[in-house]
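J.: Pasting the sequence and the predicted model now:
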Amino acid sequence: KAGVTQTPRYLIKTRGQQVTLSCSPISGHRSVSWYQQTPGQGLQFLFEYFSETQRNKGNFPGRFSGRQFSNSRSEMNVSTLELGDSALYLCASSRDSRGETQYFGPGTRLLVL
Amino acid sequence: AQTVTQSQPEMSVQEAETVTLSCTYDTSENNYYLFWYKQPPSRQMILVIRQEAYKQQNATENRFSVNFQKAAKSFSLKISDSQLGDTAMYFCAFMSYRDDKIIFGKGTRLHILP
């Protein structure tokens, strides 16, 4: 069974631009969560989507948004990029029950100049 | 709010030795899950081991085992017969029974020396 895939793997943007990251979960998984990883703050939860609905949200500004499609693929969007948004963005998927183990993708490395 | 603390930022051990990584957490909840994830230099996060809080028996996965002390809110990871491939960042993580939001510790960078 294929793992979680994320595209693109690397991205360079400039301040003020917007970016969209994509995540394809493991087949049969309906929950997709997003995390931001930085050297200073570590791993922080962004949001979780289940059956096309945002089920949980972390403490990030409204510039960070996401959505999930009927095939469980998810996208994350960051508008008006800031230098501090430079990070590794990880996506994780799990099956449809709470408490299920989350399986992570390789991440998208975003650099904001 | 839940917190996860890993007090060892970095550790080094010789190959074949046993090493224990420490983790403590804080929560007022009774039902939750604890995890150890491994992130090798290639960056792919991999699940090492999982523990349900309601289970008293410590989880084991081959060379990896945990010491779960619920009253003390402690969840340490023991790696036996360590191998070079165990070199990675290890994250202790907490997940409430109520939602799927994982709270991660800051991580312990583990170096296995030949």
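T.: In hand now; what should we look at?
J.: does chain A sit close to stretch B:1-10?
T.: No - against chain A, stretch B:1-10 shows no contacts by C-beta under 8 Å from any C-beta of the partner chain, the least distance being 9.7 Å. Any C-beta I mention is one placed from the backbone N, CA and C, and that applies to glycine too.
J.: Go through that stretch and flag the buried ones.
T.: Applying a neighbour-count criterion of 16 or more other C-beta atoms under 10 Å in any protein chain shown, the buried positions in stretch B:1-10 are B:4, B:6, B:8.
J.: Next: stretch A:91-99.
T.: Residues of stretch A:91-99 classed as buried by neighbour count (16+ other C-beta under 10 Å): A:91-95, A:98-99.
J.: got a pLDDT number for the spatially most central residue of chain B?
T.: With distances taken as C-alpha atoms, centre = their mean, the residue of chain B nearest its centroid is residue B:36 (3.2 Å). Looking at residue B:36, its pLDDT stands at 97.
J.: now swap in the one 10 residues further on and tell me
T.: pLDDT, residue B:46: 93.
J.: re the thing from before, is the residue nearest to the centre of chain B in a helix, a strand, or coil?
T.: Judged by DSSP: H, G, I helix; E, B strand; the rest coil, the three-state class of residue B:36 is strand.
J.: Surely it is in contact with residue B:66?
T.: Yes - the pair residue B:36 and residue B:66 qualifies as a contact (C-beta atoms under 8 Å) at a distance of 7.0 Å.
J.: shared neighbours, these two?
T.: When contacts are counted by C-beta atoms under 8 Å, 6 or more residues apart in numbering or on different chains, the set common to residue B:36 and residue B:66 consists of B:49, B:75, B:77.
J.: bridging residues for the second one?
T.: So that's residue B:75. Counting by DSSP bridges, residue B:75 forms beta bridges with residue B:68.
J.: doesn't residue B:23 make contact with it?
T.: Yes - taking contacts as C-beta under 8 Å, residue B:75 lies within contact range of residue B:23: 4.7 Å.
J.: Touching both of those two, which residues are there?
T.: B:34, B:36, B:92.
J.: Dump these into TSV; add distance to residue B:55 as well.
T.: Shown next, in TSV, are those (distance: C-beta to C-beta, whole Å):
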residue	distance to residue B:55
B:34	10
B:36	15
B:92	17
